[in-house]
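Asks: Prediction below, plus the sequence it came from.
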Amino acid sequence: MVREDGKRNFALREEDGSEPSEFSGNMPRQAALKAARTLDPAPSEEEAERTTLRLREKGTQKVHEYEGWAWKDGAPEVDDADDDFWLNDLDNITKANVSKQGIEYLDEE
């Protein structure tokens with residue numbers, strides 16, 4: 001279901017069928033990236049453990065499946081001192097990436 005602001009809601013679906021978390025985004029990948037950032041981050045992207053993320057689009061039986069991983073990375077360098085005020089206390093930030101594996105349709109229950 002599309003909200004008035006154009007975003008769609010996606011529920012993170014666990015193996016047992018429960019849906020403990022919800023993420024929103026204009027596209028399923030945007031919601032998957034948000035979900036991936038909640039994973040336990042590795043020290044680097046190469047060391048990051050790949051995890052399957054299954055996101056059911058709310059209001060549908062469509063489940064988007066992604067492989068996701070997260071890692072710690074240094075905060076970006078900013079030239080203008082006024083632009084980096086929010087980064088002052090952060091040594092590392094969490095980055096994430098996802099790769100689409102496919103779409104599954106749940107059986108009508």
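Replies: It's in. Numbers count the residues shown, from 1 in each chain.
Asks: Now do the helix or strand containing residue 67: which elements does it pack against?
Replies: Applying DSSP states H and E as the criterion places residue 67 in strand 62-74. Counting contacts by 3 or more C-beta pairs under 8 Å, 6 or more residues apart in numbering; DSSP states H and E, strand 62-74 packs against helix 28-36, strand 51-57, strand 92-105. Bear in mind the C-beta positions are built from the backbone N, C-alpha and C, glycine included.
Asks: Determine which stretch of the ones you listed is the most buried.
Replies: With neighbours defined by mean count of other C-beta atoms under 10 Å, none of the helices and strands packed on strand 62-74 is more surrounded on average than helix 28-36, at a mean of 21.
Asks: That helix packs against which elements?
Replies: Applying 3+ C-beta pairs under 8 Å, 6+ apart, we find helix 28-36 packed against strand 8-12, strand 21-25, strand 51-57, strand 62-74, strand 92-105.
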